[in-house]
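# predicted model, plus sequence, below.
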Amino acid sequence: MDSWVPSSVDLSRPSVARMYDYFLGGSHNFAADREAAKVIEKIYPGMAGAARANRSFLRRAVRFLCDQGIDQFLDLGSGIPTVGNVHEIAQTTIPSARVAYVDVEPVAVAHSIALLANNPLAIAVQADLRDTDAVLTSPAINALLDFSRPIAVLLAAALHFVPDSDDPHAAVTRYRDALASGSYLAISHGSLEGIPQDSVTNGERVQAVYQRTDAQLVLRTKHDITRFFTGFTLIPPGVVLLPEWHPDSDDAYITAYVGVGRKP
């Protein structure tokens with residue numbers, strides 16, 4: 001086992017963060033992750049393209065936010081860092097940009113810490129995004145980010161792993177209330193809305209696979225995804241299908257809605 005993998009990690013149970021790393025072509029995944037991911041690929045052969053499209057949205061959103069003068073980022077459910085992650089994108093535009101990555105998955109955090117060892121303006125913290133108090137009172141996060149100034153909260157492909165029973169809308173509201181005026185929220189979220197019935201059936205089969213991982217998959221409607229932006233002013237074109245948000249490439253079609261909002 002690689003030295004950066006905590007001994008407490010159960011490598012026999014698939015992890016959504018490590019599966020996402022596999023879909024992106026990364027190397028920080030294990031046999032159980034690859035087996036589950038390959039089952040999903042048989043159901044939905046476009047999964048790797050969807051993962052890359054989501055990463056493309058994240059890149060576009062971070063560049064847009066940097067253009068608005070945002071130099072602080074709180075990336076919740078950040079997963080395992082791969083090429084083109086938030087700190088690389090932001091610090092290319094604003095060298096002094098600060099990024100706090102938060103993930104509950106210990107392998108993701110362990111590798112993030114190793115990757116960021118020589119970057120004093122980026123940190124990784126192990127915490128559950130649902131535990132808003134733990135995130136917002138984290139000494140490490142508060143030492144890096146100044147909550148009296150605008151911050152961009154990023155929730156890329158994260159909220160669809162939070163079940164309704166954990167009230168993700170309330171969690172987002174708590175993050176919103178902790179942010180200064182002029183802060184932003186960026187979200188990408190899977191959905192089954194507006195796709196053919198056979199695709200819906202395949203989506204339900206994919207959800208069943210995720211039930212065997214460390215997080216269930218919850219695909220919400222555009223209406224429910226838009227509700228996450230309550231209290232924010234949506235940036236045009238609003239909440240739209242992923243390839244339609246400030247496109248700069250031929251993104252794969254992906255059944256996900258995305259949006260960016262600004263806190264007045």
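It's in.
# could you look up the SS state of residue 219?
coil (DSSP: H, G, I helix; E, B strand; the rest coil).
# measure it to residue 157 for me?
12 Å (CB to CB, to the nearest Å). Every C-beta, even on glycine, is put in place using the N, C-alpha and C of the backbone.
# and if you look at residue 81?
14 Å.
# any low-confidence regions in the stretch 151-264 of the chain?
194-215, 249-254 (pLDDT under 70).
# let's see that with 50 instead.
Residue ranges of the stretch 151-264 of the chain with pLDDT under 50: 196-197, 200.
# report the backbone C-alpha coordinates of stretch 105-120 in PDB.
What follows is stretch 105-120, C-alpha atoms only, in PDB (Å, rounded to 0.1, in the frame of the first residue of the first chain):
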ATOM      1  CA  GLU A 105     -12.600  10.500   2.300                       C
ATOM      2  CA  PRO A 106      -9.300   9.900   4.100                       C
ATOM      3  CA  VAL A 107      -7.400   8.800   1.000                       C
ATOM      4  CA  ALA A 108      -8.500  12.000  -0.800                       C
ATOM      5  CA  VAL A 109      -7.300  14.100   2.100                       C
ATOM      6  CA  ALA A 110      -4.000  12.200   2.600                       C
ATOM      7  CA  HIS A 111      -3.100  12.600  -1.000                       C
ATOM      8  CA  SER A 112      -4.100  16.200  -1.100                       C
ATOM      9  CA  ILE A 113      -1.900  17.000   1.900                       C
ATOM     10  CA  ALA A 114       1.000  15.300   0.200                       C
ATOM     11  CA  LEU A 115       0.400  17.100  -3.100                       C
ATOM     12  CA  LEU A 116       0.000  20.500  -1.400                       C
ATOM     13  CA  ALA A 117       3.100  20.100   1.000                       C
ATOM     14  CA  ASN A 118       5.000  22.900  -0.800                       C
ATOM     15  CA  ASN A 119       2.000  25.200  -1.400                       C
ATOM     16  CA  PRO A 120       1.400  27.400   1.700                       C
END
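# and it, which residues are buried?
105-112, 115-116 (16 or more other CB atoms under 10 Å).
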